[in-house]
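# The amino acid sequence is not available; the structure is as follows:
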């Protein structure tokens, strides 16, 4: 019997960088310095360079990156932030943690990303920031989003948690907004050995605010300028990320090859495949198909030994956590249809051609 194909296998990512990762762990263990040290500074510089921007600030996780980025942009109680109606709930939670209100806007039906043509109708005098997400690693249309934001004097913070290595019109994601928020959760395209996050951007003053906020509101030890937080990317995670970063480009290239194989192999099958604009180079964090019988399809693939996941089964506006906003089923039909139909297929660097072929065959036999 053939071995099951897991939805995600992180071992190949470790093996390709094993010597550098192991050396990094030993280096930090022997240094006696575990927070806000040389490893963090080195990774921040390398990550900013990768993003094509001037600055980066490591924080404890991706949710904190969003939260502290919004705070640095001045978001607070009474403000509103434009968010996608289909995204992981962390995008909304960061807004709520600021005391602000997330205002959902529907996605473009083909790209899954925030539809810039719908933003205008959601803007009020309380709107402070537009927060697009590069969902599944597909870049949002940032020029169109910026055009609306500039017209109304709004800042833009983009959620890049799934977009490591993605490019928009030839430019790296991470330097396309006033601030960009990253997650280095282990399953991300650049993943740590635990939680981790960062904020990148070109404005030194904004990044300095993030650095103050992440460290108890302090620039100088025991001198606190503002009410801050404890959200620091530790030296171990920074060192691991630095060890893995040189392999990100090759890993992204592998993801693109596998995605192309899936697109070619599944062409003509009775399902909706990802659509990629000519100006986008996705990072392919996820390969997401749509099918009206999604749950049955997932069960049939499981029986054939193919692991899948649903990203995501319930949109934020229908989560109990946001019941106070008063949204009901039918309020955001585009997002709701997506959440009923989406299914993520296996895709990770190190997948063999035989595994990709088995996934294609299983899907074609199951739809």
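Noted; the coordinates are in hand. Everything quoted here is computed from the prediction, not taken from an experiment.
# so where's the stretch 101-250 of the chain shaky on pLDDT?
Within the stretch 101-250 of the chain, no stretch has pLDDT under 70.
# now the strands for it?
Shown for the stretch 101-250 of the chain, the strands assigned by DSSP state E, counting those that start in this stretch span residues 101-105, 127-130, 155-159, 167-168, 171-172, 179-183, 197-201, 218-220, 223-224.
# any residues touching the fourth one, and which ones?
Residues outside strand 167-168 that contact it (C-beta atoms under 8 Å, 6 or more residues apart in numbering): 139-140, 142, 173, 176, 279-281. Using the backbone N, CA and C atoms, a C-beta is placed for each residue, glycine as well.
# Among those residues, which one sits closest to residue 237?
Nearest to residue 237 among the contacts of strand 167-168, counting by C-beta to C-beta, is residue 173 at 20.9 Å.
# any idea how far residue 139 is from the closest one?
According to C-beta to C-beta, to the nearest Å, residue 173 and residue 139 sit 6 Å apart.
# hmm, back to that, can I get the strands of the stretch 101-250 of the chain in TSV including mean neighbour count and distance to residue 308?
What follows is the strands of the stretch 101-250 of the chain, written out as TSV (neighbours: other C-beta atoms under 10 Å; distance: least, C-beta to C-beta, whole Å):
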stretch	mean neighbour count	distance to residue 308
strand 101-105	23	26
strand 127-130	23	32
strand 155-159	25	23
strand 167-168	21	27
strand 171-172	18	30
strand 179-183	30	21
strand 197-201	30	27
strand 218-220	11	45
strand 223-224	12	47
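# So for residue 242, which of those strands sits nearest?
Taking the strands of the stretch 101-250 of the chain one by one with C-beta to C-beta, strand 197-201 is closest: 12.1 Å.
# Packing partners of the closest one?
Applying 3 or more C-beta pairs under 8 Å, 6 or more residues apart in numbering; DSSP states H and E, one finds that strand 197-201 contacts helix 38-51, strand 55-59, helix 62-72, strand 179-183, helix 204-214.
# could you dump those to JSON lines with distance to residue 275?
Output for the helices and strands packed on strand 197-201, formatted as JSON lines (distance: least, C-beta to C-beta, whole Å):
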{"stretch": "helix 38-51", "distance to residue 275": "25"}
{"stretch": "strand 55-59", "distance to residue 275": "31"}
{"stretch": "helix 62-72", "distance to residue 275": "26"}
{"stretch": "strand 179-183", "distance to residue 275": "24"}
{"stretch": "helix 204-214", "distance to residue 275": "33"}
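# Can you tell me which of those is packed in deepest?
strand 179-183 (a mean of 30; mean count of other C-beta atoms under 10 Å).
# quick one on the thing from earlier: out of the contacts of strand 167-168, name the ones that lie in helices.
Members of the contacts of strand 167-168 lying in helices (criterion: DSSP state H): residue 142.
# and the most centrally placed residue in the chain, how far is that from residue 196?
The chain has residue 161 as the residue nearest its centroid, 1.8 Å off, counting by C-alpha atoms, centre = their mean. Per C-beta to C-beta, residue 161 is found 11 Å from residue 196.
# Mind listing the shared neighbours of those two?
Joint contacts of residue 161 and residue 196 (C-beta under 8 Å, 6+ apart) are 183, 185.
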